[in-house]
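1. I would like the atomic coordinates for the input below:
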Amino acid sequence: MMKRSILVLCCLLLASSCAPKKFTATKPPASGQKAYQRPYTVLGQRYEPLQTHAGFVQSGIASWYGPDFHGKKTSNGETYDMHAMTAAHKTLPLGVFVRVQNRENGREAVVRVNDRGPFVKGRVIDLSYSAAKTLGVDIAGTAPVRIEALGYRGSGADHYSAIENYDAGNYTVQIGSFKEYGNAERLSGEMKRTVGFSEIHLTNINGEIFHRVYAGKYTSLRAAEDAEREFSEHGYPGSFTVSLE
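-> Residues are numbered from 1 along each chain as shown. Next up, the predicted model:
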């Protein structure tokens, strides 16, 4: 009986080793957030990295960064290689691949996001030198682009995995940040009358308390980004979209 059990076990192991392996695309860890997955502040603006990428499409201006950063650390700890097909984005999950199309000449390239930026108003992605050259952005320095998140890719596999719906969720727009609570309270009251929803959130930045005013409540990121543009065009140029927990 013992010999028979051993024989069956060996057959099962042999069969499993010969069976074709299924490809599983790599994904960010579900728990234990890394530093680059947490909210961060640059030049007084707070950015909240997205936990999903699926359905993400964005249009705007692309720029590129090269020799000054070559060999330095990127936001996910890698060494920046200006000759690799990579890019920086303010909120997309690091490691995700995106398709970038130059809207002026139709050229396309697939790049992997491994850094944060660009922190210049109106710019949506910072390309490596090689990516910029592929798209024809290297000479002019900037170009209008459309970017589309594809997913994560396993080693040597031209396959992307879609995960949760990126667009659906609870979002608002931060339209102001004040040291004085009274100023925040007045603006929040005005926004409640104008758009129906407003909250004040307290944030500690280097020991200083700031009162941040959120305005509007939206169930899709696209709607929140549309509202962000409206706020920016009507007297609140520092507005940006945030996720409501």
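
2. hmm, Asn102 and Val137 touching each other?
-> Yes - contact status for Val137 versus Asn102: in contact at 6.5 Å, counting by CB atoms under 8 Å. (C-beta placed from N, C-alpha, C; glycine too.)

3. shared neighbours, those two?
-> Listed as contacting both Val137 and Asn102 by CB atoms under 8 Å, 6 or more residues apart in numbering are Ala62, Ala143, Val145.

4. show me what the second one bridges to in the sheet.
-> Taking DSSP bridges, one finds Ala62 as the beta-bridge partners of Ala143.

5. measure it to His201 for me?
-> Using CB to CB, to the nearest Å, one obtains 36 Å as the distance from Ala143 to His201.

6. out of those two, which sits in the busier spot?
-> Ala143 (23 against 16; other CB atoms under 10 Å).

7. quick one: mean pLDDT for the helix or strand hosting Phe210?
-> Using DSSP states H and E, Phe210 sits in strand 208-220. For strand 208-220, the mean pLDDT works out to 88.

8. which residues are in contact with it?
-> 46, 167-181, 183-185, 187-188, 191, 194-204, 224, 227, 231, 242, 244.

9. same check on stretch 73-86?
-> Against stretch 73-86 from outside (CB under 8 Å, 6+ apart): 34, 36, 65-67, 69-72, 88, 94-95, 109-116, 128-131, 134.

10. now the buried members of those.
-> The neighbour-count test (16 or more other CB atoms under 10 Å) marks 36, 65-66, 69, 88, 94-95, 109-116, 128-131, 134 as buried among those.

11. select from those every entry located in strands.
-> If you go by DSSP state E, the buried ones among the contacts of stretch 73-86 have Ala88, Ala109, Val110, Val111, Arg112, Val113, Asn114, Asp115 in strands.

12. show me which of those is closest to Arg123.
-> Taking CB to CB as the measure, Arg123 lies nearest Ala88 of those, at 9.9 Å.

13. how close does that closest one sit to Ser130?
-> From Ala88 to Ser130 the distance is 14 Å (CB to CB).

14. could I have the buried ones of the contacts of strand 208-220 as PyMOL selection syntax?
-> In PyMOL, this line selects whichever of these come out buried by 16+ other CB under 10 Å:
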select buried, resi 46+167+169+171+172+173+174+175+176+177+178+184+187+188+191+195+198+200+201+224+227+231+242
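
15. helices - which of the contacts of strand 208-220 land there?
-> Tyr181, Asn183, Ala184, Glu185, Leu187, Ser188, Met191, Thr194, Val195, Ala224, Ala227, Phe231 (DSSP state H).

16. how's the protein carved up into domains?
-> 45-151, 168-243 (automatic domain parsing).

17. rank the ones you listed by pLDDT, which is bottom?
-> domain 168-243 (a mean of 85).

18. give me the number of residues near Thr86?
-> Thr86, neighbours per other CB under 10 Å, totals 22.

19. give the bridge partners for it, please.
-> Applying DSSP bridges, one finds that Thr86 bridges with Arg112.

20. separation between the nearest residue to Glu180 once chain neighbours are set aside and Ile139?
-> Leaving out its chain neighbours, the residue that sits closest to Glu180 by CB to CB, 6 or more residues apart in numbering is His211, at 7.5 Å. According to CB to CB, His211 and Ile139 sit 45 Å apart.

21. centroid-nearest residue for the chain?
-> Leu92 (1.2 Å; CA atoms, centre = their mean).

22. so it touches Glu48, yeah?
-> No - at 11.6 Å, Leu92 does not count as touching Glu48 under the criterion of CB under 8 Å.

23. counting neighbours, what do you get for Lys73?
-> 11.

24. may I ask which helix or strand encompasses the closest residue to Val57 other than its chain neighbours?
-> Counting by CB to CB, 6+ apart, Glu148 is the residue found nearest to Val57 once chain neighbours are left out, at 5.1 Å. Here Glu148, judged by DSSP H and E, is contained in strand 143-151.
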